[in-house]
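Asker: below is the sequence, then the predicted model.
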Amino acid sequence: MESIKDKIKKLKKEKNALILAHYYQDIEIQDIADFVGDSFELAKKAKQAKENIIVFCGVHFMAEGAKILNPEKTVILPVKEAGCPMADMASAEDVIVLKEQYPDAAVVTYVNSTADVKAVSDICCTSSSALKVVGSLPNKQIIFVPDENLGQYVAKQIKDKEVITFKGYCPVHKRVTVQDVEEVREELPDALMLVHPECTPEVLDKSDFIGSTSQIIKKALESESKNIIIGTEVGVVEYLKKKDPNKNYYLLSPKMTCINMKKTSLKDVLSALKNSEYEINLEKEAIGKAYNSLNRMMNV
Ligand code: 13P
Ligand code: SF4
């Protein structure tokens with residue numbers, strides 16, 4: 001009998017579709033994807049896509065970003081409810097209020113945000129490009145939305161800027177505590193600890209390396225260490241176990257599962273291909289303004 005994975009592969013070819021998946025997706029979704037990456041790499045792939053359809057296995061802001069960068073394509077998010085709570089924390093109105101308060105500041109918006117927020121921003125960034133993006137701007141003051149932890153991390157690294165942060169956060173990374181770090185350190189004193197900048201400053205201070213999902217993966221694969229603690233979503237641990245099974249990978253905290261990223265199943269991907277659901281639709285005007293912020297980031 002034809003397996004669900006075979007059905008997906010066949011239909012994908014017939015429909016001329018590209019399947020993109022974030023590293024936080026379940027490993028079976030990563031297996032059927034044409035490309036697996038972090039949010040920056042996926043945005044780049046989406047922008048360059050030649051296929052008619054992009055099936056985005058991730059969360060809503062990622063699929064929306066793909067539509068903004070490549071509006072002629074049909075972009076599908078297999079599970080309508082797969083959102084990112086952080087992206088919904090800041091509104092365009094919040095940004096406009098901050099702009100009025102700090103008229104000389106440039107607005108740098110983390111891609112984990114809605115199209116409306118991107119549309120009122122000067123430039124976007126991902127966790128892998130945040131330092132480069134902020135460093136490239138002539139403005140002394142930077143309004144950074146929505147992730148407070150990433151904004152504070154940037155402020156600490158780029159000392160000649162005044163970074164005004166917003167109170168957004170990722171529930172998955174924020175719930176990791178210093179106690180979690182100390183417990184793992186005690187158990188694995190020689191392990192290398194790699195963490196995502198969405199974690200709190202106290203956790204970042206106790207780590208060995210801070211980086212985006214892809215930067216963490218690269219570091220883990222290149223490192224001489226046999227024992228590696230991963231301070232980001234569990235999907236990265238699953239990816240690494242498959243990629244290089246000769247090392248031991250440990251999740252920094254058992255709380256690091258993004259329930260939204262885990263909503264997509266193989267059945268959903270098959271149904272997305274069959275029924276073209278759920279299509280991302282955006283007003284032309286919203287695409288135009290948000291495109292400028294996203295595209296500016298791609299060019300930095
Ligand atoms: P990356 O930019 O590292 O892919 O992270 C995306 C994300 O949602 C982190 O929680
Ligand atoms: Fe959003 Fe956090 Fe999930 Fe990333 S891990 S998609 S920031 S909730």
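Answerer: Received it, and whenever you're ready, just let me know what you need. Remember, predicted model here, so these are calculated numbers, not experimental data. Ligands and ions are numbered 1, 2, ... in the order given.
Asker: D205 and ligand 2, how far apart?
Answerer: Computed as CB to the nearest ligand atom, to the nearest Å, the D205 to ligand 2 distance reads 20 Å. C-betas here are computed from N, CA, C, even on glycine.
Asker: again with V154
Answerer: For V154 relative to ligand 2 (CB to the nearest ligand atom), the value is 16 Å.
Asker: hang on, that residue packs against S129?
Answerer: No: contact status for V154 versus S129: not in contact, 10.7 Å apart, counting by CB atoms under 8 Å.
Asker: those two: who's more crowded?
Answerer: More crowded of V154 and S129, by other CB atoms under 10 Å: V154, with 25 against 20.
Asker: remind me which helix or strand the more buried one belongs to.
Answerer: Assigned by DSSP states H and E, V154 belongs to helix 148-157.
Asker: what is the neighbour count of the closest residue in space to T232 that isn't next to it in sequence?
Answerer: In space, T232 comes closest to H196 once its chain neighbours are excluded; the distance is 3.9 Å by CB to CB, 6 or more residues apart in numbering. Other residues lying near H196 total 30 when counted by other CB under 10 Å.
Asker: OK, contacts around H196?
Answerer: Residues near H196 by CB atoms under 8 Å, 6 or more residues apart in numbering: S127, H173, I210, G211, S212, T213, I216, G231, T232, E233.
Asker: most widely separated two among those?
Answerer: By the measure CB to CB, the contacts of H196 have their two most distant members at I210 and E233, which lie 15.3 Å apart.
Asker: and the helix holding V154, what does it pack against?
Answerer: Other elements packing on helix 148-157 under the criterion 3 or more CB pairs under 8 Å, 6 or more residues apart in numbering; DSSP states H and E are helix 130-135, strand 141-145, strand 162-165, helix 201-205.
Asker: now check the lowest-mean-pLDDT helix or strand in the chain, is it near ligand 1?
Answerer: Counting by mean pLDDT, DSSP states H and E, the weakest-scoring helix or strand in the chain turns out to be helix 284-299, with a mean of 94. No: counting by CB under 6 Å from any ligand atom, no contacts exist between helix 284-299 and ligand 1, the nearest distance being 11.8 Å.
Asker: just checking, D244 touches S223?
Answerer: No: using CB under 8 Å, D244 is not in contact with S223, being 10.1 Å away.
Asker: mind listing residues that contact the helix holding V154?
Answerer: Contacts to helix 148-157, defined as CB under 8 Å, 6+ apart, come from residues 110, 127, 130-131, 134, 142, 144-145, 161-163, 165-170, 173-174, 197-201, 204, 210.
Asker: re earlier: now do the least confident helix or strand of the chain: distance to the chain's middle.
Answerer: Relative to the centre of its chain, helix 284-299 is centred 17 Å away, using CA atoms, centre = their mean, to the nearest Å.
Asker: which strands and helices lie in contact with that helix?
Answerer: Using 3+ CB pairs under 8 Å, 6+ apart as the contact test, the elements touching helix 284-299 are helix 39-48, helix 60-69, helix 115-119, strand 123-125.
Asker: nearest to N281 among those would be which one?
Answerer: Comparing those by their distance to N281 (CB to CB), the top pick is helix 60-69, with 7.9 Å.
Asker: show me what the closest one is packed up against.
Answerer: If you count contacts as 3+ CB pairs under 8 Å, 6+ apart, helix 60-69 packs onto helix 39-48, strand 53-57, strand 74-76, helix 115-119, helix 284-299.
Asker: could you redo the last one with a cut-off of 7 Å?
Answerer: The contact analysis (3 or more CB pairs under 7 Å, 6 or more residues apart in numbering; DSSP states H and E) places helix 60-69 against helix 39-48, strand 53-57, strand 74-76, helix 284-299.
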